[in-house]
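> Here you go, sequence then predicted model.
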Amino acid sequence: MMAKSKNKVKPGKGEELLENPEVLAEQISKTEEFIEKNRKLVFVFGGVIAVLVCAYFLYNYWITNRNVAAQNEMFQAVYYFEADSLDNALNGDGNSLGFIKIIDDYSFTEAANLAQYYAGACLLKKGEYISAVDHLSKFSSSDLLIQARAYALIGDANVEMGNLDEALTYYNKAAAYEPNEFTTPAYLIKAAVVYELKEDFKSALNCYETIVKEYVNSSEYQTARKHKARLEGKVNAG
């Protein structure tokens, strides 16, 4: 006969529960005893979880409805913006809301966030540069075109206020945000112009060189080539 192994593997706790009904019953009894002793705590904890889950779904439902309502309100304001009727776009016409009221009444919605961009653009056109920067700085988007545009508009406002270093910060942010041949060259040219105003001709030249090397198919390519040639002589002479 084959000898029995002396090194019998001891079952793990999970296996012991499955194989031994008495152990399983004891474990169930302990769980029931814990629940019984801590009934109030268990109910409170379960109630909190239920409230949080309900609150999450109610918030999503509420914010979705508010966003739809805000988008409907924005339709007329955007129309006024595109028609260059800036006061109506900002403040409404008495029947429909303007961007400022949409921001106030529909906070936390995507529409209110977009209204920050439009309000900033309107105020920039009106020459109210500090307020324009305030609204544009509160806008945030994952859209590569509109977010870069918002940075560039902040740069424009700072140029108008004479804050050239701040303007360069935002023009460079606009150029570096998701680089592409449609918008990046335009922002590099804006930066180059400001560098020249500061008599930093080498940095301006670098902007034009980037366009010439990396954005050959852009509409700004020929302009960049012309200014690159002009600045090369100035930088080399210096």
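Perfect, I can see it now. Quantities reported herein were computed from a predicted structural model and do not represent experimental measurements.
> buried sites along stretch 189-207?
189-192, 194-196, 201, 203-207 (16 or more other Cβ atoms under 10 Å). (Glycine included, C-beta is placed from N, CA and C.)
> can you check stretch 131-146 too?
S131, A132, V133, D134, H135, L136, K138, F139, S141.
> And it, end to end?
Start-to-end span of stretch 131-146 (Cα to Cα, to the nearest Å) is 19 Å.
> repeat for stretch 160-167
By Cα to Cα, the extent of stretch 160-167 from end to end equals 9 Å.
> residues in contact with that stretch?
If you take Cβ atoms under 8 Å, 6 or more residues apart in numbering as the criterion, stretch 160-167 is touched by G127, Y129, I130, G155, D156, N158, V159, V194, L197, K198.
> Please tell me I have it right and N91 contacts K101.
Yes: applying Cβ atoms under 8 Å, one finds N91 in contact with K101, separated by 7.4 Å.
> related to what we said a few turns ago, which members of the buried residues of stretch 189-207 are the farthest-apart pair?
K190 and F201 (16.1 Å; Cβ to Cβ).
> on that earlier part again, tell me which two of the buried residues of stretch 131-146 sit farthest apart.
For the buried residues of stretch 131-146, the farthest-apart pair by Cβ to Cβ is S131 and S141; their separation is 19.8 Å.
> how about A152, what does it touch?
Y170, Y171, A174, A186, Y187, K190.
> ignore the last one, A150
By Cβ under 8 Å, 6+ apart, A150 lies in contact with Y117, G120, L136, F139, S141.
> re the thing from before, Y80: which of the contacts of stretch 160-167 is nearest?
Set against Y80, the nearest of the contacts of stretch 160-167 by Cβ to Cβ is G127 (18.0 Å).
> Next up, the contacts around that closest one.
Residues counted as contacts of G127 (Cβ under 8 Å, 6+ apart) are E160.
> just for this protein, where's the confidence low?
Applying pLDDT under 70 to the chain flags the ranges 1-63, 65, 237-238.
> Specify the residue ranges that define each domain of it.
For the chain, automatic domain parsing gives the domain ranges 56-140, 141-238.
> I'm done for today, thanks for sticking with me.
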